[in-house]
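**Student:** I would like the atomic coordinates for the input below:
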Amino acid sequence: MVAAMPSSTSPLPPATPQSTGRVHLVGAGPGDPGLVTVRGVECLRTAQVVVYDYLANPALLAHAAPDAELIYAGKIGGRHNQEQEEINRLLVAKAREGKTVVRLKGGDPFVFGRGGEECEALAAAGIPFTVVPGVTAALGVAATAGIPLTHRAVTPSVAFVTGHEDQGKEDSAIDWQRLSTGSGTVVFYMGIKHLRRNMALLAEHGRSPATPVALVRWGTTAQQEVLTGTLADIADRAETAGFKPPALTIVGEVVNLRQQLAWFDRRPLFGRRILVTRAADQAGEFSRMLEEQGARVVECPTIRLVSPERWDEVDAALLRLGETDWLVLTSANAVRFFFERLRERGQDSRALGRCKVCVVGPKTAEALAARGILADLVPAEFTAEGVVAAFEGIDLAGKQVLFPRADRARDLIPPALERMGARVAAPVLYRNLLPESLPDEARDALEHRELDAVTFSASSTVTNLATLLGGADRLRDLLSGVAVVSIGPITSRTCRDLGLTVAVEPPEATLDSLAAALVEYFTVRPA
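**Tutor:** Here you go, the predicted model:
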């Protein structure tokens, strides 16, 4: 639930006899949600209220409880959406209601995060609080830009300084003389607005105009941009490039080391925006594979997996597990739904008894192994055709085979195994439904032609996306110029049937192979 800030004129609620809550000031890190601390995640999971700001990655809110109250209290470009005193009042008010509050702040709460002011307000009100440090922007951003802030052969010192000090002040709180000549590396936080002035002041106070400078925007994320120059020309370069905040300015000879040490923005998929169409509860693994290679992933679930309308056929088959010779599972989803239904019936893997298990490929085998069962048969080709081929050398005459399937599964395996003499039960284990709509981010990326590639992991992901977009014509139009990536020949055939040209199809129908093929495709193409 997202709530609005209370009016600054409303009185604080009086303290109640109930125990007062507490406030955790949590550093969200510099942008990459993976850089939040373990302790920070623990606090988010137990919070009843989360007050978050502009620079805290919204993805971190997924760690909060579903019923947690989410309150946006951001500040954008120095323009306060909520005055600091109002934020302080909010934290006190929520804690006085007996609630556990997380104040989620970009970077580290005590490094240009105004965390000290919030702690002072809490202390004055008698509210217990804790501070959970975060990776401050200078450390995280410099690391992903390939710029060590200190280096034994270059400089042993670094200074952090605000980059947006009020220009109207008569006396600057910054000792520019010492900053210019006494610190090896200088990092300005949020200094783009006053970049020209700050660089000029450094030069006026003794820093060489030839000193290397780097600007890093949206550091640690797939949107990271780096612009380099010198004290003398960086402001002109930034103006020409239209370089906008939020960004850090790094000044010092260490900037030259980026030529050797840059790694983050040299990954093969860096900056590529890729649409992933897997089901919402499955996209994570594949998205992480692509993000590790630098991609900006847009998740667009085109499948919603749900239980069958009735469990009668599945339950009847489960009652006969003791008489079943082979269980055939053709996806990790099948493994999940199968064992969840067993558990709901008060059974576990022991119910399989002597039954052997065939799986479609290594990912399904992994999902099965996680349940404590090793697959007896894995085909050489990870398709339904491969499953049939794997059974050709096995005597199935009179054998009982259970093939719990998706409602849209191709009718290939049951008749093929029956021709080999098997008695096959193929109840619907789960249904593949169409989501109600596309996520806003995915629709915007499609309509604004911002995608480099779209990945399809099953035929249904292709047909469902076409349906959600309004038909095959609209699908072809929005994917014009976008690399279509298909997991295998069946999915590729569906793409072509809808008029799409398949640019990438891996040699094996696995997510690992799909990710590798995508990397290979873009490695030979200029960004």
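
**Student:** from Leu417, how far out is Arg354?
**Tutor:** 18 Å (C-beta to C-beta, to the nearest Å). C-beta: built from backbone N, CA, C; applies to glycine.

**Student:** looking at those two, which one has more neighbours?
**Tutor:** More neighbours surround Leu417 than the other of Arg354 and Leu417, with 24 against 9 (other C-beta atoms under 10 Å).

**Student:** is that one in a helix, a strand, or coil?
**Tutor:** helix (DSSP: H, G, I helix; E, B strand; the rest coil).

**Student:** wait, isn't it in contact with Val388?
**Tutor:** Yes. Between Leu417 and Val388 there is a contact under C-beta atoms under 8 Å: 7.2 Å.

**Student:** what bits of this structure have low per-residue confidence?
**Tutor:** Applying pLDDT under 70 to the chain picks out residues 1-19, 74-82, 165-171, 280-283, 526-527.

**Student:** got the domain ranges for it?
**Tutor:** 2-135, 139-265, 273-303+435-523, 306-432 (automatic domain parsing).

**Student:** what about the shortest one, distance to the chain center?
**Tutor:** Meaning domain 273-303+435-523. 16 Å (C-alpha atoms, centre = their mean, to the nearest Å).

**Student:** measure that domain end to end?
**Tutor:** With C-alpha to C-alpha, to the nearest Å applied, domain 273-303+435-523 spans 15 Å between its terminal residues.

**Student:** ok, now stretch 444-463?
**Tutor:** Stretch 444-463 has its terminal residues 20 Å apart, counting by C-alpha to C-alpha.

**Student:** may I see the buried residues of it?
**Tutor:** Neighbour-count burial for stretch 444-463 flags 445-446, 451-463 (criterion: 16 or more other C-beta atoms under 10 Å).

**Student:** which residues of the stretch 351-500 of the chain fall in strands?
**Tutor:** 356-359, 400-402, 405-406, 423-425, 428-433, 453-456, 483-486 (DSSP state E, counting those that start in this stretch).

**Student:** in its sheet, what does the last one sit against?
**Tutor:** So that's strand 483-486. Here strand 483-486 is paired, per DSSP bridges, with strand 453-456 (parallel), strand 502-504 (parallel).

**Student:** residue contacts, the residue lying closest to Thr455 once chain neighbours are set aside?
**Tutor:** Setting aside the residues directly before and after it, Thr455 is nearest to Val485 in space (C-beta to C-beta, 6 or more residues apart in numbering), at 4.4 Å. Val485 makes contacts with Ala453, Val454, Thr455, Phe456, Val502, Ala503, Val504, Glu505, Leu514, Ala517, Leu518, Tyr521, as judged by C-beta atoms under 8 Å, 6 or more residues apart in numbering.

**Student:** tell me the secondary structure at Val23.
**Tutor:** Recorded secondary structure, Val23: strand (three-state DSSP).

**Student:** same question but for Tyr54, I mixed them up
**Tutor:** Once three-state DSSP is applied, Tyr54 turns out coil.

**Student:** so how far is Thr144 from it?
**Tutor:** 20 Å.

**Student:** tell me the phi and psi of the residue lying closest to Ala56 once chain neighbours are set aside?
**Tutor:** The shortest distance from Ala56 to any non-neighbouring residue, by C-beta to C-beta, 6+ apart, is to Ala28 (3.8 Å). Phi and psi for Ala28, reported as degrees, to the nearest 10, are phi -90, psi -10.

**Student:** residue contacts, Ala28?
**Tutor:** Here Ala28 is in contact with Val36, Gly40, Tyr52, Leu55, Ala56, Asn57, Leu60, Leu104, Lys105, Gly106, Gly107, Gly134 (criterion: C-beta under 8 Å, 6+ apart).

**Student:** including secondary structure, could those residues go into CSV?
**Tutor:** Shown next, in CSV, are the contacts of Ala28 (three-state DSSP):
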residue, secondary structure
Val36, coil
Gly40, helix
Tyr52, strand
Leu55, coil
Ala56, coil
Asn57, coil
Leu60, helix
Leu104, strand
Lys105, strand
Gly106, coil
Gly107, strand
Gly134, coil
